[in-house]
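Colleague: Provide a 3D model corresponding to the input given below.
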Amino acid sequence: SSPSVYYYIRSLMRSGFIYKDLSTQKYRATYKVVDLGSKVITNNEISEISYSLLSRLSEETHSTIHLALKEGNMGVCISKVGHSKAIPSISRIGEVFDLFPTALGKAILSFLDEEELSKYLDEVELVPFTENTITDKEKLRKELLLTKQRGYSVDNQEHMNGLCSLGVPVFDYTERIIGSISVSLLPNFSEETVQDAFSKMNRVAKELSRRLG
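Modeller: Numbers count the residues shown, from 1 in each chain. Here you go, the predicted structure:
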């Protein structure tokens, strides 16, 4: 209701999270939101214990490494380690992204139980990001099954043209899927490159899961 919206807006303004632009009469977020987000990431246990592992993986693969968690029907990048020899990446810590067209996301979706996956597919529209994006739900299911069987996901320019990546799942102490890590790949990557990267990534993912209990 309008009174409820007004109440929340006033509360956010008093707390310093939004302000009213007098020239446009629109409400805008302040950088206090960014500060809050950075504190969440800084205090995140997974981000802290994973950094050394991700740094080592970046050195071994000469690639940019991302660690992401599932938040509702989206993914959020909580850690990123770049490398001087890696493909330039415009991603950033705190970035929220769709799960279905990315290696990070498909590594997570492939290990959801049937009820969770069906709920996700019912609620999310599979819009195309590139000509390679899988937009058919049955085809996506087959891709996720293949991902689960082989242990890694592939983004072959499905989220952005010219960018490819490999993803592996990360589990918590109850063996529940909570996130994933990815390694950037050059387009036209070889099967040998994939297997070499997967071997290194799988070792890091298992060690991260072990550290989580």
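Colleague: show me the shaky parts of this structure.
Modeller: Applying pLDDT under 70 to the chain picks out residues 38-45, 83-91, 213.
Colleague: tell me where it has helices.
Modeller: For the chain, helices defined by DSSP state H occupy the ranges 2-15, 32-42, 45-61, 103-109, 114-123, 137-150, 191-211.
Colleague: compare the ones you listed and give me the one nearest Phe129.
Modeller: Of all the helices of the chain, it is helix 103-109 that lies closest to Phe129, at 11.6 Å by CB to CB. Quick note: C-beta positions are derived from backbone N, CA and C, even for glycine.
Colleague: tell me what that closest one is packed against?
Modeller: Contact here means 3 or more CB pairs under 8 Å, 6 or more residues apart in numbering; DSSP states H and E; on that basis helix 103-109 packs against strand 65-71, strand 74-81, strand 96-98, helix 137-150, strand 153-156, strand 164-171, strand 177-185.
Colleague: run through who's touching stretch 199-209.
Modeller: Stretch 199-209 is touched from outside by 46, 49-50, 53-54, 56-57, 60-61, 151-152, 166, 168-173, 180-181, 183, with contacts defined as CB atoms under 8 Å, 6 or more residues apart in numbering.
Colleague: can I get the helices of the chain in a markdown table with distance to Leu22 and mean neighbour count?
Modeller: Below are the helices of the chain laid out as a markdown table (distance: least, CB to CB, whole Å; neighbours: other CB atoms under 10 Å):
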| stretch | distance to Leu22 | mean neighbour count |
| --- | --- | --- |
| helix 2-15 | 13 | 11 |
| helix 32-42 | 19 | 12 |
| helix 45-61 | 38 | 17 |
| helix 103-109 | 40 | 29 |
| helix 114-123 | 38 | 12 |
| helix 137-150 | 47 | 15 |
| helix 191-211 | 48 | 16 |
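Colleague: out of the ones you listed, nearest to Met74?
Modeller: Closest to Met74 of the helices of the chain is helix 103-109 (CB to CB; 8.5 Å).
Colleague: report the distance from that closest one to the chain centre.
Modeller: Between the centre of helix 103-109 and the centre of its chain there are 8 Å (CA atoms, centre = their mean, to the nearest Å).
Colleague: including distance to Ser23, could the helices and strands packed on helix 103-109 go into TSV?
Modeller: Below are those laid out as TSV (distance: least, CB to CB, whole Å):
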stretch	distance to Ser23
strand 65-71	34
strand 74-81	32
strand 96-98	29
helix 137-150	45
strand 153-156	41
strand 164-171	42
strand 177-185	42
